[in-house]
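Asks: got a predicted structure plus its sequence, pasted below:
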Amino acid sequence: MQLSKGPCVKIEKRIAEKIRKILINMNLFDDTRKIISENDYIIIPILRWPSEEELDIIKNIAEVEIIDMELPSHKKRFKNLIEVLDGRLPPYLLTLLPRSYDIIGDIGVIEDLDTELLPYKGIIGKALMELHSNLKTVLLKIGKVNGKYRIPKYEVIAGEEKYNTIHTEYGVKLKIDLQKAYYSPRLATEHNRVASQVKDGEIVVDMFSGIGSFALHIAKRVFAKVYAIDINPNAVNLIKENIKINKIKGEIIPLCGDVRDFSDILKRRADRVIMNLPGEAIEYINLALSFIKEKGGIIHFYAFSKDIEDTKTNLISRLNVKKYDIIHIKRVREVSPKEWQIVIDLSVMPF
């Protein structure tokens, strides 16, 4: 425990809170040191020895004793990485620090570091752990996302080598392994938004389910059936584990394989289809339409976009349906300068 010596006010417990408020109003209270109890007295730290006038004001309320005493220091609360690293990095580098990062359970993830910061990545990782005391690991995403399952690669820059954790979104527990399946906490609000629209009795096809985030949000809320499909067997195994650790009302049916392999068994079965594969979803729009019931349904379509109107126009040009209606469109998250992940919700009635 770190101790710090300085002037203090010693006061009887019965009047201590009133004196503390007065000291705050007089700009005397020292919030960098802790208030302690000593028998029938409270010891309140102050910033300096009070003037005679200030002491008279205090003593008009109660008898106090001004003493010099060591008290435990409060751990400084930092607001951001710049505050933590001020004095530890060259000043010009502070402006290059990432303004955003992800906290996934007890893992911190930094998406990108300026090349000038790379020699200091270990210091930055430790600073993030200081800023968020629950973190056990800090990872830096390295290289481009590629491969069949599109799983990012990470480098441990602080803490233990750890990639799996339990993360919570709106009360939904998610078991995550960042080495085995893709996950982004930046879609939590979107998971919740879509789930809030699903009604009891609906059948939902989640075409690119990942670890099952959309499916779990839905099944936790309502008595719906969700077909959660993913080509990555590790992701599907995580869906199964996540079903076990959540109390769900609905039914989740995990399916492993290319979504096109399920075209026959899911044809005209769905009230709602989720297409969260923003880089490629447009190529699957006809398949999604084949899943929608003859009476019509809802499609949640995700894409990367630099121009929302262009993306909407491209989507509409691909729709081979009796009728459609765009019911919602918005930016979900920024993925690079001037490029966003967007969502377009549309109601459709197939031929």
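Replies: Perfect, thanks for sending it. Residues are numbered from 1 along each chain as shown.

Asks: residue 35 reaches residue 42, doesn't it?
Replies: Yes - using Cβ atoms under 8 Å, residue 35 is in contact with residue 42, at 6.3 Å. C-beta: built from backbone N, CA, C; applies to glycine.

Asks: mind listing the helices for the chain?
Replies: Using DSSP state H, the helices of the chain run over 13-25, 52-59, 81-85, 91-94, 121-131, 188-195, 213-221, 233-244, 285-291, 308-318.

Asks: and the residue lying closest to residue 279 once chain neighbours are set aside, what does it touch?
Replies: Distance criterion Cβ to Cβ, 6 or more residues apart in numbering; nearest residue to residue 279, sequence neighbours excluded, is residue 304 at 5.9 Å. Neighbouring residues of residue 304 by Cβ atoms under 8 Å, 6 or more residues apart in numbering: 278-279, 335, 339-342.

Asks: for those residues, which one is nearest residue 322?
Replies: Nearest to residue 322 out of these is residue 342 (Cβ to Cβ; 25.1 Å).

Asks: and that closest one, bridged to which residues?
Replies: The partner list for residue 342 in beta bridges (DSSP bridges) reads residue 303, residue 331.

Asks: likewise for residue 350?
Replies: residue 321.

Asks: that one: neighbour count?
Replies: 20 (other Cβ atoms under 10 Å).

Asks: next: residue 346.
Replies: Neighbours of residue 346 (other Cβ under 10 Å): 20.

Asks: and what of residue 104?
Replies: 20.

Asks: residue 185 is in contact with that one, correct?
Replies: Yes - using Cβ under 8 Å, residue 104 is in contact with residue 185, at 5.5 Å.

Asks: just for this structure, where's the confidence low?
Replies: For the chain, applying pLDDT under 70 flags the ranges 1, 76.

Asks: domain-wise, how is it divided?
Replies: 3-72, 81-162, 181-350 (automatic domain parsing).

Asks: which one, of those, ends up nearest to residue 173?
Replies: Using Cβ to Cβ, the domains of the chain put domain 181-350 closest to residue 173, at 5.0 Å.

Asks: about what we covered before: name the residues contacting each of residue 104 and residue 185.
Replies: residue 167.

Asks: thinking again about what came up before, between the helices of the chain, which one is nearest to residue 162?
Replies: helix 121-131 (12.1 Å).

Asks: what residues sit buried inside that closest one?
Replies: By 16 or more other Cβ atoms under 10 Å, the buried positions in helix 121-131 come out as 121, 123-131.

Asks: so what's the gap between that helix and the chain middle?
Replies: 18 Å (Cα atoms, centre = their mean, to the nearest Å).

Asks: only C-alpha atoms, please: export that helix in CSV.
Replies: Presented in CSV, the C-alpha positions along helix 121-131 are these (Å, rounded to 0.1, in the frame of the first residue of the first chain):
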residue,chain,number,x,y,z
LYS,A,121,3.5,-1.9,-28.2
GLY,A,122,4.4,-3.7,-25.0
ILE,A,123,4.2,-0.4,-23.0
ILE,A,124,0.8,0.4,-24.7
GLY,A,125,-0.5,-3.1,-23.9
LYS,A,126,0.5,-2.7,-20.2
ALA,A,127,-1.1,0.7,-20.1
LEU,A,128,-4.4,-0.7,-21.4
MET,A,129,-4.3,-3.3,-18.6
GLU,A,130,-3.7,-0.4,-16.1
LEU,A,131,-6.7,1.4,-17.5
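
Asks: circling back: most tightly surrounded among the domains of the chain?
Replies: Comparing the domains of the chain by mean neighbour count (mean count of other Cβ atoms under 10 Å), domain 181-350 comes out on top with a mean of 18.

Asks: quick one: end-to-end length of that domain, please.
Replies: Domain 181-350 has an end-to-end distance of 33 Å (Cα to Cα, to the nearest Å).

Asks: in JSON lines: the helices of the chain, plus distance to residue 148.
Replies: Formatted as JSON lines, the helices of the chain follow (distance: least, Cβ to Cβ, whole Å):
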{"stretch": "helix 13-25", "distance to residue 148": "61"}
{"stretch": "helix 52-59", "distance to residue 148": "72"}
{"stretch": "helix 81-85", "distance to residue 148": "35"}
{"stretch": "helix 91-94", "distance to residue 148": "38"}
{"stretch": "helix 121-131", "distance to residue 148": "29"}
{"stretch": "helix 188-195", "distance to residue 148": "24"}
{"stretch": "helix 213-221", "distance to residue 148": "20"}
{"stretch": "helix 233-244", "distance to residue 148": "11"}
{"stretch": "helix 285-291", "distance to residue 148": "19"}
{"stretch": "helix 308-318", "distance to residue 148": "25"}
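
Asks: perfect, that will be all.
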